[in-house]
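Student: give me the fold of what follows.
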Amino acid sequence: MAETDGQDWVPGTYDALKDAGVSLAAYVPDGGFRNLIARCHDDSDMEAIALSNEAEGPCLLAGAWLGGVRGALIIQSNGVGNCGNNFGLTKMGRFPLLAIVSQRGSWGEANSWMMYSGQIAEPILELGGFHIMKVDHAADVADAVRAGATTAFNASQAVAVVLTQRVLGAKQFVG
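Tutor: Okay, the predicted model is just below:
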């Protein structure tokens, strides 16, 4: 991983999810989120569900909400495009959706395949009606997740907390 600001954002972020009443984490496995996902799996009060495709997430979380469960979608920016149609369900049904998204294709990206998806993720989220909270520093992640959860669950909105590669570090590839 390329240099980050060196702070561990996971404990505070996990606590923010728990404090918001989140008990379901839907995710596509990702190295940048591995420690957060592991925390979700390790907590017997948190149901962590691996998705085969990001598009399953908005529907799963809408159904969970109808059943009285708060959830969060944890994905890479390259998976945002897979969710487009299902973001419509969230918008039309006024279901809350809290997404934590790692933004690829930015600071120090070494994989050219990630550039395109990283560049189009935010416009797709904006077109999907998301409130975007972009985070560049690890110290700000937990507060952004708290604020995003408040907006999502109390105002029935779609919120994306977008973590840049300055938080997560850029993955290095040898070409």
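Student: show me where this structure has strands.
Tutor: 22-27, 47-50, 70-76, 97-102, 131-135, 158-163 (DSSP state E).
Student: quick one: distance of the fourth one to the chain centre.
Tutor: Pointing back at strand 97-102 there. Offset of strand 97-102 from its chain centre (Cα atoms, centre = their mean, to the nearest Å): 2 Å.
Student: what angle do strand 158-163 and it make with each other?
Tutor: Angle, strand 97-102 to strand 158-163, by axes from the mean of the first three to the mean of the last three Cα atoms, to 10 degrees: 20 degrees.
Student: what bridges to the most centrally placed residue in the chain?
Tutor: In the chain, the centroid-proximal residue (Cα atoms, centre = their mean) is Ile100; its distance is 1.6 Å. Here Ile100 sits in beta bridges with Ile74, Val161, going by DSSP bridges.
Student: low-confidence stretches in this structure?
Tutor: 1-7, 170-175 (pLDDT under 70).
Student: circling back to that earlier point, give me the distance between the residue nearest to the centre of the chain and Val69.
Tutor: Applying Cβ to Cβ, to the nearest Å, the value for Ile100 to Val69 is 17 Å. In this view, the C-beta of every residue, glycine as well, is placed from N, C-alpha and C.
Student: Serialize the strands of the chain to a markdown table and add fields for distance to Asn86.
Tutor: As requested, these are exported to a markdown table (distance: least, Cβ to Cβ, whole Å):
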| stretch | distance to Asn86 |
| --- | --- |
| strand 22-27 | 12 |
| strand 47-50 | 15 |
| strand 70-76 | 10 |
| strand 97-102 | 10 |
| strand 131-135 | 18 |
| strand 158-163 | 11 |
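Student: what about the helices in the protein?
Tutor: Assigned by DSSP state H, the chain shows helices spanning 10-19, 34-42, 56-66, 84-93, 113-127, 141-155, 165-168.
Student: and the ones you listed, which is most packed in?
Tutor: Stretch with highest mean neighbour count among these: helix 165-168 (a mean of 23; mean count of other Cβ atoms under 10 Å).
Student: from the chain's centre, how far out does that one sit?
Tutor: Relative to its chain's centre, helix 165-168 lies at 13 Å (Cα atoms, centre = their mean).
Student: that older thread, now the helices of the chain as a markdown table including distance to Met133?
Tutor: What follows is the helices of the chain, written out as a markdown table (distance: least, Cβ to Cβ, whole Å):
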| stretch | distance to Met133 |
| --- | --- |
| helix 10-19 | 12 |
| helix 34-42 | 16 |
| helix 56-66 | 18 |
| helix 84-93 | 17 |
| helix 113-127 | 11 |
| helix 141-155 | 5 |
| helix 165-168 | 12 |
